Every structure is written in C-alpha cells, then in structure tokens.
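Engineer: Here's my sequence, what's the structure:
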Amino acid sequence: MNTTNRTALVSALHDELSGVLAVLSGAQRHVVAGREFWVGELHGQPVVAVLSGIGKVAAATTATLLIERFGASRIVFTGVAGGLGPGVRVGDLVLARSLLQHDMDASPLFPRHEVPGYGRARFDTDPALSDALELACLRGLEAVARDLSPATREAFGLHTPQLHQGLIASGDRFVSSQTESLRLQTELPDALAVEMEGAAFAQVCHDWQVPLAVLRTISDRADDTAHVDFPRFLKEVASQYSSAVLNSLMST
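Structural biologist: Next up is the predicted model:
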C-alpha cells in the first residue's frame, strides 16, 4: 500500500464525511477494528477517509490506526462543536491552534488539565497545515454560505460565517447546559469551542509527530439553547462547509 504523502480526512459523524466519500476516486474499503477506512484519491492526491467514532478513546484508536496501518502523513479533522467564546455563533467555524482535555484532572498529583507524563495540558496543531486549512476556509466558505437556502438560514439564524482561531476543548461529555457552559468559560476563558475528539487526536499526533489540523463548525452555543434539529444542521450546513473546505484544501 503506497502511503507517500497520504492525507487522512476524518470526521466524527457520517454526514460530515459523506461529501468527501462521494467524490473519492478509486475508493477501496478496509475494515479494521470495526471501522471503515476508505483509501483513494481526492484531486489526484492520496487520501484515507474515516469516521473517528465519538469520544476520546474511539478517536485515539482511530488516529493510531491511521498512522500505523494506513501511513497517514498528516491528519485533517472536520466536524461540529459547541461555541464557548464570545462572538462564536452558530454557523461560524473554529480552527484549532491548540487543544486541551477539559475533563482531564489528575490533581493534586498534577495541575488540573495537565496530561500526566507530558508536562503540558495543551497540544498545538501543526502551524503549516493549519495555515493551509485557513486559506481553504477563506476560499471555499463564502460561496457555500451564499448558496444556503433561505429556509436553512432562517431555521438556524445563520449569518455570514466567521472564522475564529485558538483553543478548542475536548471531553467525554456532550455539553448542553448553561451551567456547564459557564463553568468551562470560567475555567478556560480563551476556549472558543467544545467537542469530544480533537484533543485525543492532538495527543496521538504529538506522540507520532504527525501534523494535525482541526476545523469545527459551530452547531450550537453548548448551553440550554442548543438546537434540537441537529441532523438537519449536519446535512444542510456542517456537511456543506466541510466538503467545500476539504475540496479546496486538497485541490491546491
């Protein structure tokens, strides 16, 4: 299996990855550890596409398989997240420059959020790959946002999407209450968004020295006002954003 310069394209949910699978050429399906890995080409570049699974353990297993079994030389993760930071609204995107496990707590042996054995709580994404993903966002999103139907815009209160960059927090808990959202904002005032997989990918990629970039579409504000029609948001908004950005990234 040729693994030279293979990019791994990862999402947590199928609707987020479906657009990529639809345009993957020469796709071959491989089932490993209960996961479907699709190996093929996108815009002439070798890729492997897969669902990460939900939560940090599933994500870490998938990340390790991508590197060890499929020889991924870089990993790009796209998906949805809840907004935390001021001004981070539904329909915006957050590009991770670092990730942290908000539920990591080995105190008093270690400071809260620090991962034992690493001497750190935050794991940075790869600057060059993240810069490339930023450019892909700027190229691909404006047209997609303009083409969204009026009904979709109204249903989710969408505006022109803004790109935010900084810290994303991950944990094995779906944050959907005002109380928990406020707690995270107090503990991590610079966190822009919260999700369930990114920090696990960041730690594995740190171990293997594999470049990682993470982009999240904000589906809700991670509080009591979280949207109930999550499947519709995935299909009509998040998946469209992810497809546009990944196609832009891989076509350069």
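Engineer: So which residues of this structure form helices?
Structural biologist: Secondary structure of the chain (DSSP state H): helices located at 14-23, 56-68, 127-147, 150-156, 178-187, 198-208, 230-233, 239-250.
Engineer: Out of those, flag the one nearest Tyr118.
Structural biologist: Evaluated over these, closeness to Tyr118 peaks at helix 198-208, with 7.7 Å, by Cβ to Cβ. Using the backbone N, CA and C atoms, a C-beta is placed for each residue, glycine as well.
Engineer: quick check, distance from the closest one to the centre of its chain.
Structural biologist: How far helix 198-208 lies from its chain's middle: 13 Å, per Cα atoms, centre = their mean, to the nearest Å.
Engineer: give the contact list for the spatially most central residue of the chain.
Structural biologist: Among the residues of the chain, Thr78 comes closest to the average C-alpha position under Cα atoms, centre = their mean, at 3.5 Å. Residues in contact with Thr78, defined by Cβ atoms under 8 Å, 6 or more residues apart in numbering, are 9-11, 16, 214-217, 241-242, 245-246.
Engineer: From the residues you listed, which shows the smallest pLDDT?
Structural biologist: Here the lowest pLDDT out of these sits on Glu16, with 80.
Engineer: Would you indicate which residues of stretch 237-252 are buried?
Structural biologist: Residues of stretch 237-252 classed as buried: 237-250 (neighbour count, 16 or more other Cβ atoms under 10 Å).
Engineer: follow-up on the earlier one: same list (the helices of the chain) but as TSV, adding distance to Ser107.
Structural biologist: As requested, these are exported to TSV (distance: least, Cβ to Cβ, whole Å):
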stretch	distance to Ser107
helix 14-23	34
helix 56-68	19
helix 127-147	30
helix 150-156	39
helix 178-187	13
helix 198-208	18
helix 230-233	34
helix 239-250	36
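Engineer: So which of those is nearest Gly34?
Structural biologist: Distance to Gly34, taken as Cβ to Cβ, is lowest for helix 56-68 among these, at 9.3 Å.
Engineer: For the closest one, give the mean pLDDT please.
Structural biologist: When pLDDT is averaged over helix 56-68, the result is 98.
Engineer: Low-confidence regions, the stretch 51-200 of the chain specifically.
Structural biologist: Within the stretch 51-200 of the chain, not a single segment meets pLDDT under 70.
Engineer: and Val23, how far is that from Ala63?
Structural biologist: Plainly put, Val23 is 24 Å away from Ala63 if you go by Cβ to Cβ, to the nearest Å.
Engineer: more crowded one of these two?
Structural biologist: Taking Val23 and Ala63 together and counting by other Cβ atoms under 10 Å, Ala63 has the greater number of neighbours (28 against 15).
Engineer: What's the per-residue pLDDT of the closest residue to that one other than its chain neighbours here?
Structural biologist: Using Cβ to Cβ, 6 or more residues apart in numbering and skipping the chain neighbours, the partner closest in space to Ala63 is Val204 (3.9 Å). Val204 is assigned 98 on the pLDDT scale.
Engineer: Tell me which residues touch Val204, please.
Structural biologist: Residues in contact with Val204, defined by Cβ under 8 Å, 6+ apart, are 60, 63-64, 67, 210.
Engineer: From Ala33, how far out is it?
Structural biologist: 14 Å.
Engineer: same question, Gly79
Structural biologist: In this structure, Gly79 lies at 20 Å from Ala33, with Cβ to Cβ as the measure.
Engineer: repeat for Leu109
Structural biologist: Taken as Cβ to Cβ, the spacing of Leu109 relative to Ala33 amounts to 32 Å.
Engineer: With neighbour numbers in mind, choose between those two.
Structural biologist: Comparing Leu109 with Ala33 by other Cβ under 10 Å, the one with more neighbours is Ala33, at 12 against 7.
Engineer: Correct me if wrong: the more buried one contacts Leu65.
Structural biologist: Yes - contact criterion Cβ atoms under 8 Å: Ala33 and Leu65 qualify, at 6.3 Å.
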